[in-house]
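> how does the following fold in three dimensions:
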Amino acid sequence: MAEDQPTPEVPETPIVAPIVTTDEQNLVVSFLQFIRQKVSSNQATAEQAEALEVAIQCLEHYFALGDASYAFQPSRPIVELFKSAEGVPEGEKEGNDLMKASQFDAAVQKYNSAIKLNRDPVYFCNRAAAYCRLEQYDLAIQDCRTALALDPSYSKAWGRKGFAYSYLNRYECAAKAYKKALELEPNQESYKNNLKIAEDKLKELETAMAAPGANPLAGLFEAMGGPGGVAEMPEMGDLLNDRGLVDAASQMMSDPGMADMFNNMMTGNGSIADLMAAGRQMAARVQETDPVLIEMIRQHFALAADGGAPPPAAPQ
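Numbering: from 1, shown residues only. Now for the predicted structure:
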């Protein structure tokens, strides 16, 4: 029987010192200075300070730091450098100040800068507020949707979304948004009040649609900037029976697409939001075919809003 051969010794893998750059060493020095400042200002217990000292020694050993390494002094504390890159950007505060000063375009630009540094839902919601003041409600809605994608429980974004939908006369969507905001903040009075307004507007539109002989042109007048209910407009019946308007409507209704759209509205197969969308399309069609008629409608709304006073004369 052959004698057992001795097992050859496996040489140990030599420990290779890490390759570090001067920039990396300076970064660690800045961080260790931050740690030492925390300890020296009594912001750590004795046990925590001991653990941090062990961590400092380990980092110094790994990054080959000596006393000469601490000759590097950062231009600013590392926390300030971090904030300027990834923390709370100044653009957000500056944007808020510009909103207070009613400089809404400039506020949007500041919020843009803040969002580039940090995609915080607050910044999107704040920019939505600026878009609302600029009457750019579609952009405001998209910002609210983005904010809610980042934080579905952000009640202010739900409320602001409802606000923007209301100004587009999309009261169903507005009511849903306000209801969600109230689920998150049941005691917020502004959400309760705005929800009631949206629901009241919705009822007015539904009543107008359900009334005997309801005219599908009501959607047109709503899209033109009129009130929620046709009945609120003085002499609206006369305008609806205007021969020129009826003729223009008849021509448009001869278009199969337009006819189907309004038939769906009248038979209850479309929502109030669909009616408003149809009204806006019809308003655009009338503008193309008969701009004089559109001006007549606008003047009628202006007269009603001013209590019958003629519109101001155009500047010379």
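> the helix or strand hosting Lys180 packs against which elements?
Assigning secondary structure by DSSP states H and E places Lys180 in helix 171-184. Under the contact criterion of 3 or more C-beta pairs under 8 Å, 6 or more residues apart in numbering; DSSP states H and E, helix 171-184 touches helix 155-167, helix 189-210, helix 272-289. Where C-beta positions appear, they are placed from N, C-alpha and C, glycine not excepted.
> now that helix against helix 155-167, angle please.
160 degrees (axes from the mean of the first three to the mean of the last three C-alpha atoms, to 10 degrees).
> need the residues that contact helix 171-184.
Helix 171-184 has contacts (C-beta atoms under 8 Å, 6 or more residues apart in numbering) with 153, 155-156, 158-159, 161-163, 165-166, 188, 191-192, 194-195, 198-199, 201-202, 205, 271-273.
> can you check stretch 22-40 too?
44, 49, 52-53, 55-56, 59-60, 63-65, 69-70, 72, 74, 77-79, 81.
> list the contacts for the closest residue to Arg127 other than its chain neighbours?
Spatial nearest neighbour of Arg127, chain neighbours left out: Tyr111 (3.9 Å); criterion: C-beta to C-beta, 6 or more residues apart in numbering. Contacts of Tyr111 were listed using C-beta under 8 Å, 6+ apart, and they are 91-92, 95, 123-124, 126-127, 130.
> okay, Tyr111 and Asn96: tell me how far apart.
Tyr111 sits 9 Å away from Asn96, going by C-beta to C-beta, to the nearest Å.
> in which helix or strand does Asn187 reside?
Using DSSP H and E, Asn187 sits within no helix or strand.
> how many neighbours does it have?
7 (other C-beta atoms under 10 Å).
> if I look at it, what pLDDT would I see?
Asn187 carries a pLDDT value of 92.
> from Val122, how far off is it?
Counting by C-beta to C-beta, the gap from Asn187 to Val122 is 21 Å.
> ok, Gln43 next?
28 Å.
> when the two are compared, which one has more neighbours?
A direct count of neighbours by other C-beta under 10 Å for Gln43 and Val122 places Val122 higher, at 18 against 10.
> give the rounded mean pLDDT of the strand or helix carrying the more buried one.
Using DSSP H and E, the element containing Val122 is helix 121-133. If you average the pLDDT over helix 121-133, you get 95.
> who's in contact with it?
By C-beta under 8 Å, 6+ apart, helix 121-133 touches 92, 95-96, 99, 102, 104, 107-108, 111-112, 114-115, 137, 139-141, 143-144, 146-148, 150-151, 154, 156-157, 160-161, 163-164, 167.
> now do the buried residues in whichever helix or strand comes after it.
Note on helix 121-133: by DSSP H and E, the next helix or strand toward the C-terminus is helix 137-150. By neighbour count with 16 or more other C-beta atoms under 10 Å, helix 137-150 contains the buried residues 137, 139-144, 146-148.
> may I see these organised as a markdown table, with distance to Ala181 and pLDDT added?
Output for those, formatted as a markdown table (distance: C-beta to C-beta, whole Å; pLDDT from 0 to 100):
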| residue | distance to Ala181 | pLDDT |
| --- | --- | --- |
| Tyr137 | 17 | 94 |
| Leu139 | 20 | 95 |
| Ala140 | 15 | 95 |
| Ile141 | 14 | 96 |
| Gln142 | 18 | 96 |
| Asp143 | 16 | 96 |
| Cys144 | 11 | 97 |
| Thr146 | 17 | 96 |
| Ala147 | 12 | 96 |
| Leu148 | 11 | 96 |
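> now render the residues you listed as TSV, adding distance to Phe31.
Formatted as TSV, the buried residues of helix 137-150 follow (distance: C-beta to C-beta, whole Å):
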residue	distance to Phe31
Tyr137	46
Leu139	41
Ala140	41
Ile141	43
Gln142	39
Asp143	36
Cys144	38
Thr146	34
Ala147	33
Leu148	36
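> the helix holding Val122 vs helix 137-150, what angle?
170 degrees.
> counting neighbours, what do you get for Pro74?
Neighbours around Pro74, by other C-beta under 10 Å: 15.
> can you check Lys116 too?
With other C-beta under 10 Å as criterion, Lys116 counts 11.
> buried sites along stretch 39-56?
Buried, per 16+ other C-beta under 10 Å, within stretch 39-56: 49, 52, 56.
> I'd guessed the second one sits against Ala44; true?
Yes - if you go by C-beta atoms under 8 Å, Leu52 and Ala44 touch, sitting 6.4 Å apart.
> done for today, thanks.
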